[in-house]
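Q: sharing a model that was predicted from the sequence below.
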Number of protein chains: 2
Amino acid sequence: MTNLPNDPRLALMLLSSMVEPGDADLDDLVEETGPIEAVKRLWEGDVAERLRRLTSAMVACTFDPADRAAQIAAATEACGARVLVPGDPDWPEQLRDLLLVCDADEPHVRPPRCLWVRGRHDLAALCSRSVAIVGSRAATEYGQHLADDLAADLTEAGWTVVSGGAFGIDRAAHLGAMARGGATVSVLASGVELPYPKANGPMFDLIVERGLLVSEWPPGSSAMKHRFLTRNRVIAALSAGTVVIEAANRSGARNTARHAAELGRVLMFTPGPVTSSLSAGAHQLAREPWEARLVTRAEEVIEDLTGIGGPLATPPPPQRRPFDRLTEIESRLVEALPRGYVVEAARLAAAAGVPTETAAETLEHLRRSGWVDRIDDRWRLARGGAA
Amino acid sequence: MTNLPNDPRLALMLLSSMVEPGDADLDDLVEETGPIEAVKRLWEGDVAERLRRLTSAMVACTFDPADRAAQIAAATEACGARVLVPGDPDWPEQLRDLLLVCDADEPHVRPPRCLWVRGRHDLAALCSRSVAIVGSRAATEYGQHLADDLAADLTEAGWTVVSGGAFGIDRAAHLGAMARGGATVSVLASGVELPYPKANGPMFDLIVERGLLVSEWPPGSSAMKHRFLTRNRVIAALSAGTVVIEAANRSGARNTARHAAELGRVLMFTPGPVTSSLSAGAHQLAREPWEARLVTRAEEVIEDLTGIGGPLATPPPPQRRPFDRLTEIESRLVEALPRGYVVEAARLAAAAGVPTETAAETLEHLRRSGWVDRIDDRWRLARGGAA
């Protein structure tokens, strides 16, 4: 008989050490059975083939899962961290929004299972009025100067700056905010005891003292390339909006930007010289269907975030063909589309209870009559939204 | 008996030498009586008090209006210029669009009465596929480099560059386009025989050789401050779109931009460093209700102008509350609003045959139900337009 962790939190910590965040199979299992039972099933091999393969090595070499979970808890405590799970009072509820945008192509967009945090603050409270500042590691002096200034002024105005932990824009944003006494949130792609990159150590020490280090991975996890991409969705989801400052064309910052836009968060960018390849990625955001807003200073960021004189203060959306004139299937699809989100057709079809092919065809009709917009292979309510 | 010019064109030239372009009183008189009769009435003092005051000095010292018109014609010929009037085959018909946006506050937005041109080209043909590039006289190296590049690439792609004649952006745009063999159009605020500023003389000589100098003022007219503002509407109206490159906050380029937007032309701007006050005016355009498009190279300008993959290729506008459910007065106001134009309430009321106060109130209703947008004190069809 396997020795199971006796606490759902411990079980989630153990599971997080075994399967990468956002694994739909594991998350579905946890949702179905609860985390303790999920651990039991894994150790009994009573799970789908894919999950068994993913976890078999760990299961084979771990005789006592409860003990293993206790070790993770000890490592967590040793570095002065704690673990938050959904339902905790300081769990940021806005992370749930990720549920609405994840789809079959991007399972890793699912909400985090648990978060390791280091620092004294309440994560939910800090992020209740937060803005992400992201951009290139190889930022120019200009970009770093902007990030520093913007972060400082946003801090002064009572906004929490959320970012990663990289050199360049991330670093400038943290330092700018902390220089004005701000508590910043650094979301990592490694364990919170050894934030990456090491050379940013003094900055991370300062963040632990004044803000929060956050990670989905247990202590001992190292930063891997795919983990940065996974991490980006958390930066976007935690914040009311994301400002992109200098991003090369295929950069992580643009990945974060896409998450922000899909989540219905306010997406902003700062302009720069056309001749700078680092600004090109930011400029490109203005010409994509995301409708990123150009911002040049903190007042404009706040205006866009709060809608004072900004887009939220503009006239109400136009009325369209009255909702009650839509066909049954049309109205189910429109109702299934949450305002501000960009959703895959298959996911939408499932939510609306409509066959996938019918959905595809009907969405095309709805697009032509102005109800929805298509963005790549996804759909969102057209500007102005539904009735 | 006064000796009148025997040709409407001569009469218009004479009138242009007496009253500034866009004078609503004179233009209304000319429309009512024709230009020759208008001259007659001026010399007989048979006009409204204001027009009489404006013209009395000239009338008093000009015994023979026909002779005076002939002198202007001679001066025109002497500098190798010719005069175009509405109806001429090379008169750019798009100038008529100005009729739709002029209003009581801005009488000078009316279309030109006649145009002096120097150069071999057909103005209408040149401008049938043209784009205005405008910006600061005190442009940075960066801005001039951008203007030069953009003008060159647009020329290469078969677009005519329209601009003023100032140092900075205007000059860089002309030279960039001409360096690739392009015929550019320089719209002046002085007579075409002495383009301002003098120090740009060699450039103007090149434009006469390869493109066109254009002015609403007869030879001998000097560039005055208010004439630049009057001139700007012509630059905007001639072109399918206007690109603003570096503009200080209260600059002429921003004035041209506003005309372009009000005329329903595509308004674009190039970004630059946030730290540059010259780029600030351009950036501001992105945050104004004009929905200026960020462009960084010629392909993007062309995309926006032609709608290939650009805004014109986006889904058709949403449908709203069906037109037939509007009240009589509402539908008259909506019908009177031409798509893409921004019109003053009083003007709209007149066009719709609705009392001004009723119009103001009804427009507010229409705004709330998403039919129209308010921009400052003017109105336009909301994005998506009417049914």
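A: Arrived safely. From a predicted model like this one, the values you see are computed outputs, not experimental measurements.
Q: tell me the SS of residue A:4?
A: coil (DSSP: H, G, I helix; E, B strand; the rest coil).
Q: could you check the pLDDT of it?
A: In this model, residue A:4 is scored at 94, pLDDT.
Q: which residues sit in contact with it?
A: Residue A:4 is in contact with A:11, A:36, A:39-40, A:43, A:65-66, counting by C-beta atoms under 8 Å, 6 or more residues apart in numbering or on different chains. For glycine as for every other residue, the C-beta is placed from the backbone atoms N, C-alpha and C.
Q: which one of those is nearest residue B:244?
A: Closest approach between the contacts of residue A:4 and residue B:244, by C-beta to C-beta: residue A:11, at 59.3 Å.
Q: and the pLDDT at residue A:127?
A: We have a pLDDT of 97 for residue A:127.
Q: surely residue A:8 and residue A:35 touch.
A: Yes - here residue A:8 lies in contact with residue A:35, judged by C-beta atoms under 8 Å, at a distance of 4.7 Å.
Q: higher neighbour count, those two?
A: Legend: neighbour count by other C-beta atoms under 10 Å in any protein chain shown for residue A:8 and residue A:35, higher for residue A:35 (26 against 18).
Q: against chain B, how distant is the more buried one?
A: Between residue A:35 and chain B the computed distance is 44 Å (C-beta to the nearest C-beta, to the nearest Å).
Q: equivalent analysis for residue A:59, please.
A: Distance, residue A:59 to chain B, by C-beta to the nearest C-beta: 51 Å.
Q: what comes up buried for stretch A:297-310?
A: For stretch A:297-310, a neighbour-count test (16 or more other C-beta atoms under 10 Å in any protein chain shown) marks A:297-298, A:300-306, A:310 as buried.
Q: residues in contact with that stretch: which ones?
A: Stretch A:297-310 has contacts (C-beta under 8 Å, 6+ apart) with A:131, A:149-150, A:153-154, A:156-157, A:159, A:240-241, A:243, A:266, A:268, A:293, A:295, A:311-313, B:274, B:287.
Q: could you list the domains of chain A?
A: A:8-78, A:107-313, A:323-381 (automatic domain parsing).
Q: how about the shortest one, does it reach chain B?
A: When you say that, I think you mean domain A:323-381. Yes - applying C-beta under 8 Å from any C-beta of the partner chain, one finds domain A:323-381 touching chain B at A:367-371, A:373-374.
Q: out of those residues, list just those in strands.
A: Cross-referencing the residues of domain A:323-381 next to chain B against strands under DSSP state E gives A:373-374.
Q: related to what we said a few turns ago, now, which of the contacts of stretch A:297-310 lie within strands?
A: Per DSSP E, strands hold the following members of those: A:131, A:241, A:243, A:266, A:268, A:293.
Q: state the next helix or strand along the chain beyond the helix or strand containing residue A:43.
A: Following DSSP states H and E, one finds residue A:43 within helix A:35-44. Next helix or strand after helix A:35-44 toward the C-terminus (DSSP H and E): helix A:49-61.
Q: any buried residues in that next one, and which?
A: By 16+ other C-beta under 10 Å, the buried positions in helix A:49-61 come out as A:51, A:54-55, A:58-59.
Q: farthest pair within the residues you listed?
A: The widest separation within these, taken as C-beta to C-beta, falls between A:51 and A:58 and amounts to 11.5 Å.
Q: is any residue of the longest helix along chain A near chain B?
A: For chain A, the helix with the greatest residue count under DSSP state H is helix A:141-156. Yes - contact of helix A:141-156 with chain B (C-beta under 8 Å from any C-beta) involves A:142, A:145-146.
Q: just the CA atoms of stretch A:166-183, as CSV, please.
A: This file holds the C-alpha atoms of stretch A:166-183, laid out as CSV (Å, rounded to 0.1, in the frame of the first residue of the first chain):
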residue,chain,number,x,y,z
ALA,A,166,15.8,38.6,-17.3
PHE,A,167,18.4,41.3,-18.1
GLY,A,168,17.3,44.2,-20.2
ILE,A,169,13.7,45.3,-19.9
ASP,A,170,12.6,43.0,-17.1
ARG,A,171,15.5,44.1,-14.9
ALA,A,172,15.1,47.8,-15.7
ALA,A,173,11.4,47.5,-14.9
HIS,A,174,12.0,45.9,-11.5
LEU,A,175,14.8,48.3,-10.6
GLY,A,176,12.8,51.3,-11.7
ALA,A,177,9.8,50.3,-9.6
MET,A,178,11.9,49.2,-6.5
ALA,A,179,13.8,52.5,-6.7
ARG,A,180,10.5,54.2,-5.9
GLY,A,181,9.8,51.8,-3.1
GLY,A,182,7.5,49.5,-5.2
ALA,A,183,6.9,45.8,-4.5
